[in-house]
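**Student:** pasting the sequence and the predicted model now:
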Amino acid sequence: MIDIEFKNVTFSYEKDKKVLHNICLSIEHGTSTGLIGANGAGKSTFLKLAVGLITGHKGEIIVKGQLVNKKNITAIRKKAGYVFQDADSQLFMPTVYEDVSFGPANYGFTKEETDKKVMEALRKVNIENLKDRQVYRISGGEKKLASIATILSMEPEIILLDEPSVALDPGNRKNLIQVLNGIKETKIIASHDLDMVLDTCERTVLLADGRVIKQGRTIEILKDKELLETYGLELPLSLQGYLKWKDINL
Amino acid sequence: MNNTRQAAKDIHISDNAGSSKDKEDGIYPVARLIVVFIYILLVVSFPVHGFYGLSGLAGMFLYLLANIIWYQVSIKALLRRIFPIFLLTVLAGSAGLIMDREIYFLYGQIPITYGMLSMAALILKGVFCVTASYILSVTASIMQICHALYIMHVPGEIVMVIMLMHRYLIVLIKEAERMQQAYKLRAPGQKGLHFKVWGSFIGLLLLRSMDRAEEVYESMKLRGFCGVMQYSSFKGSKKASICYVLLWGIFLFILRVFPVFFIVGAIL
Amino acid sequence: MHMADALLTPAVAGAMYACSSAAAGYSVRKIRREDNEKKIPVMGVMGAFVFAAQMVNFTIPGTGSSGHLCGGMLLSAVIGPEAGFITMIAVLLVQGFLFADGGLLALGANIWNMAFYGCFIGGMVIWRHITGRKMSKKRIIAASMAGSIVSLQFGAFSVTLETLASGVTELPFAVFLAAMQPVHLAIGFVEGAVTAAVLVFIYETRPELLWNYKEDGQKESRLSYKQAVIVFAVVAAVTGGLLSLAASSDPDGLEWSVEKVAGTKELEAEGSIYSSAGIIQSFTALLPDYTWKNKSSVTGTMFSGIFGGIAVIAACTAACYIIRHLHRKKAKGQEDE
């Protein structure tokens, strides 16, 4: 089953300055896809189009069998959650609990149901202990996990993450990777942290200048040094190390 | 730059107050707000002229004393907060000192004028009111105040704006502080911003805030926001809160009507 | 320009609360009618922005001193006067609460003095009048300067009137006015210059953010004559009311009589405000004023007062400590269980 489909999608913020060119892409249900590319390649635009945060594209975007347009947008947003790059924008309520419960409460669940969903979401990202903390007083890593929990509490079928590992220290990053691997829903992770993509995604799409350059199994794309360097990226550090080690031993 | 740090500290103190289990007494924030309001209203209602105001005002100190002890309010921080209002009331009262030199009575050889009495009353009023507000601010969080406003039927839009504002205060204050630090490091010896960068400095801060607001709105929209915000309810006892308002109200009213200190003094 | 609680009487504070509430009610209704979901998050974050911007020091050229921004006018030019007004209320409320800048009772007066004039006179009337038909750098500078200076003059004048109407200080009207207005003229210049600089920057980088910005060739959005008249009528009524209050304020702020003032014709339009002030007034009038006629005994009375005070404070302190101690013990006992 296909969860997200882009059919000949073209988009531009200003006239003559196309951000996405004729994108054709489909994301299978239950997969985890890495969306990689240099700064300004169109990764964020891609994600925002999928949840209808940006409108005015040419072509068709289909999420869970529904066309992204004004009429379907509420239904689609129930099914697809989007985690912002900046957790401070994502978390706007005073405490972690209130923020995580914001989505379910708005969708009309009762207090008990909301509470259950919130606790479940917090448990999935291992921050049950932060429940009553003030949002602005928790650390960057905790904020990131909390912002993922705000989406999980709505029990979406698809989760879109924009640069989730930015500004995280190695420990928090490792923790995040574990959390992401524990989430079984369809995921699209836009990032230029290729090591994280290698650890969390089975499929990868390489974007450059708003075009899909290549897509396929993650390892196939991420080991292609020449391809990556042409488009402003470089081999994941883990692979770099591996190749160096191989050179020495040859 | 210090003021940004001080502001952040004040916000932390207030938030800590709201969440501290130690001070939890089941009293609704709205009850505390009402009592403080009554207190200030009564303090302000004392006349400043003549001796009665001064004598009655002194008794109003009891409310503050009880709160300071109960909530273990830091005296040092309190004095820091009182100082500006003290200066202001001294300034305002000194006019009376000059204008109203009619002698009320002689204390030995020292003439006590009406002006002196009204100045003293004014100072007491200022200090008492600020102290009452200050005690409230260090013992209740902004979220509790929002809850109180919500109960008092203040339009939801205003409460929501306060809530969001409180959430982004620290974020933007820190942003402004970083920008100011970056500026200062490259412009040694300047007291503030040079007028050439006024526009771009504040302008950039404004643009960033607008972008932030845009993202916040998107984040709300993605989670089904449709104009109404849900409030978490406050755990408290209605009965205790009503008693709290009534008892304090009666006590304060008694203090307002009878100069307690003088009556006790006369009895003793 | 924050008013302090101590300088106001309940009647004046109540009247100012009524005025500010009326303006807030109007603004909230207007925002609801706009039905723009985005407005609330924008107002919240912009409130935090004003708070942060107020903490920035500006070097005033040629003086060596530094100034601060108030922000009502700036806010109105970006998010509109009604939204700006509500946001400024939130800012003043949080400031009053967190920093005890201006008190709870004086909040109504502070909202009026600092937010109303900046947003409605500066933002609605002046800004819209000058930039409504055509926006340019020059017009923005002119509007910002004029708006800031005029609204600060109005604000300072109101502070003077409110203080005098309260009758708490004995400063003569002329002296007070002569001290307040020129100082706020200078402050208004700085406020205007900062506002102008920021708005010109926004105009050059992202003009679409300005509240009444229209791409060229679009319909004019100038303030209608009627709106301007309404705003000025409100200002005139409130100022007039305050003036008559100030004029009639007895040295003993308490003995001011409602009937005496309400009897004059020009106040009839503001009936509701005065009646609410009257309720507060009659409440405070219930409180008796002691007369200490026998002055020779005053010294003795004072001594007994001081003595009594010490005794009561000591007793109260002890009682508080004992109750707190018992309370803690009880709470601890419950926890242990």
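**Tutor:** Yes, it's here. Computed from a predicted model, the values in this text were never measured in an experiment.
**Student:** can you give me the helices for the stretch 1-150 of chain B?
**Tutor:** B:2-19, B:29-45, B:50-59, B:61-71, B:75-99, B:114-139, B:142-151 (DSSP state H, counting those that start in this stretch).
**Student:** which of the residues in the longest one are buried?
**Tutor:** Using 16 or more other CB atoms under 10 Å in any protein chain shown as the burial criterion, the residues of helix B:114-139 that qualify are B:114-139. From N, CA and C alone the C-beta is placed, and that goes for glycine too.
**Student:** is that helix anywhere near chain C?
**Tutor:** Yes: using CB under 8 Å from any CB of the partner chain, helix B:114-139 reaches chain C at B:115, B:118, B:122, B:125-126, B:129-130, B:133-134, B:136-137.
**Student:** got the angle for that helix vs helix B:50-59?
**Tutor:** Relative orientation of helix B:114-139 and helix B:50-59, computed by axes from the mean of the first three to the mean of the last three CA atoms, to 10 degrees: 20 degrees.
**Student:** please apply the same query to the second one.
**Tutor:** If you take the same axes, to 10 degrees, helix B:29-45 sits at 160 degrees to helix B:50-59.
**Student:** what strand or helix carries A:Asp99?
**Tutor:** Assessed by DSSP states H and E, A:Asp99 sits inside helix A:96-106.
**Student:** after that helix, which helix or strand is next?
**Tutor:** For helix A:96-106, the following helix or strand on the C-terminal side (DSSP H and E) is helix A:111-124.
**Student:** ok, then the element right after that next one?
**Tutor:** helix A:140-152.
**Student:** can you give me the buried ones in that next one?
**Tutor:** Applying 16+ other CB under 10 Å to helix A:140-152 flags A:141-152 as buried.
**Student:** closest to B:Ile69 out of those residues?
**Tutor:** Proximity of the buried residues of helix A:140-152 to B:Ile69 (CB to CB) peaks at A:Glu142, which lies at 36.8 Å.
**Student:** OK, contacts around the closest one?
**Tutor:** Counting by CB atoms under 8 Å, 6 or more residues apart in numbering or on different chains, A:Glu142 touches A:127, A:130.
**Student:** who are the contact partners of residue 146?
**Tutor:** Because you didn't say which chain, this covers chain A. A:87, A:91, A:96, A:99-100, A:125, A:127, A:130, A:135, A:138.
**Student:** was after chain C, sorry
**Tutor:** C:126, C:130, C:192.
**Student:** how about a cut-off of 7 Å?
**Tutor:** Residues in contact with C:Ala146, defined by CB atoms under 7 Å, 6 or more residues apart in numbering or on different chains, are C:Ile126.
**Student:** name the element it belongs to?
**Tutor:** Using DSSP H and E, C:Ala146 falls in helix C:137-166.
**Student:** if you count neighbours, what's buried in that helix?
**Tutor:** Those would be C:139-166, for helix C:137-166 by 16+ other CB under 10 Å.
**Student:** now the helices of the stretch 1-150 of chain B in JSON lines, with mean pLDDT and distance to chain A?
**Tutor:** Converted to JSON lines, the helices of the stretch 1-150 of chain B look like this (pLDDT from 0 to 100; distance: least, CB to the nearest CB, whole Å):
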{"stretch": "helix B:2-19", "mean pLDDT": "71", "distance to chain A": "6"}
{"stretch": "helix B:29-45", "mean pLDDT": "90", "distance to chain A": "14"}
{"stretch": "helix B:50-59", "mean pLDDT": "77", "distance to chain A": "38"}
{"stretch": "helix B:61-71", "mean pLDDT": "89", "distance to chain A": "20"}
{"stretch": "helix B:75-99", "mean pLDDT": "84", "distance to chain A": "20"}
{"stretch": "helix B:114-139", "mean pLDDT": "87", "distance to chain A": "16"}
{"stretch": "helix B:142-151", "mean pLDDT": "85", "distance to chain A": "5"}
